Every structure is written in structure tokens, then in C-alpha cells.
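> quick one, what's the 3D model for this:
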Amino acid sequence: MKHFLLLGFLGLSLAACQTVSQPVPHIQASFDPRQAAFINQHGDGTIKGIAFITDDHGRAHREGGETVRLIPASDYAKVRFNELYNGTKFVAVQNYPKGVTIDPRYGRYMRTTKTLPNGKFTFNNVPPGRYYVATQVLWKAHDGGGDRGGAIYDTVRLNGHEDAPVSVIVSGT
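Residues are numbered from 1 along each chain as shown. Sure, this is the predicted structure:
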């Protein structure tokens, strides 16, 4: 049950804030757990990052307590990210797709953590591999116009020979 709830960001929570009708992305891939199983191995790597979105006025928004997902870059994940983000690294909250299906096994092969109030986060004991780092940053508009921000991601690779934490900036650019 816990794993099902963790799927929210890339599936259910992307649909939760939908206000503009968007076409439903059709994920034309099947999930192969063997391509993502490396995430469940012990590793010595550390990923340190910060997540923020800069608004139209140049102000960086960093929200604490947002879930950050570390997702192995399997073929399934690559297709999902390309379809959900339409070739970019940002989806505005008003453009979250509706009706996106997800393979229920997918959530068993990712790790999660939460952002601190300054938007920073850390993943420890990460094994070598290529990953997507995904989260969302939302805030209320000052003019009463509803939620602003959206879903963002970036990629990171660990080779297993890092002498220091690998840094990632997740800003949607």
C-alpha cells in the first residue's frame, strides 16, 4: 500500500491539480524491473540537491516538505518523462496531464526524500547508475489566482567512484 501512495507524483498527483484539459499521454513502454533493480542495492554515493522554480518576476520559490523522487533511468522511465514533460523539464501546474496510467511495480523501484524549507535535499547510499530526480514546487498566487509552479526534474549519473556528493539543481531548465 505504501508503494502505491508513492506513485502519486508521476501519476495521480500530476492529474490532481488539472485545470486545463490536456491530451492524455500514451506511455508506449512496459516496465522491466530488471532495468531498475540496481536502485535497491547498497551504494556509497550521495546526491545533494536543491529544487526551486523561478517565477516571472525572478523570485526563486523553494518549498519545504515536497517529496523528491530518485528514479532509475529505465526505458520505461525515459518514455514516461518524455511523454509527461513533452520534451522539457517543467510542467506548469495548470498543464498537469489527466488520466495517466502507471505500472504499479514502477513505484517499488524509486527512493524518496523531502525537501528542507530552503529546497535542499539529500539521497545517501546511492548505487551507481543514471537517475531522474523529480519533484514539484507549488505556491499560491498573491492575486488569488490559484496555484503556481509545477513539476520539475533533472538527471544525474553516479559512476561509483565519486569522492564527494554529486550535486543536482532541479529547476525545470
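> what about the strands in the protein?
45-51, 53-54, 60-61, 67-72, 90-92, 111-114, 120-126, 129-140, 147-158, 166-170 (DSSP state E).
> and residue 102, which of the ones you listed is closest to it?
Relative to residue 102, the nearest member of the strands of the chain by CB to CB is strand 67-72, separated by 11.8 Å. For every residue, glycine as well, the C-beta is placed using N, CA and C.
> next, the angle strand 120-126 makes with the closest one.
Going by axes from the mean of the first three to the mean of the last three CA atoms, to 10 degrees, strand 67-72 is angled at 30 degrees with respect to strand 120-126.
> next, the angle strand 129-140 makes with strand 67-72.
Taking the same axes, to 10 degrees, one finds that strand 67-72 is oriented at 160 degrees with respect to strand 129-140.
> now strand 67-72 against strand 166-170, angle please.
Calculated by the same axes, to 10 degrees, strand 67-72 forms an angle of 120 degrees with strand 166-170.
> quick one on the thing from earlier: quick one, which of the strands of the chain is nearest to residue 31?
Comparing the strands of the chain by CB to CB, strand 67-72 comes nearest, at 10.7 Å.
> avg pLDDT for the closest one?
The pLDDT scores in strand 67-72 average 98.
> strand partners (parallel or antiparallel) of it?
strand 111-114 (antiparallel), strand 129-140 (antiparallel) (DSSP bridges).
> pull out the buried residues from that strand.
Within strand 67-72, the residues scored as buried using 16 or more other CB atoms under 10 Å are 67, 68, 69, 70, 71, 72.
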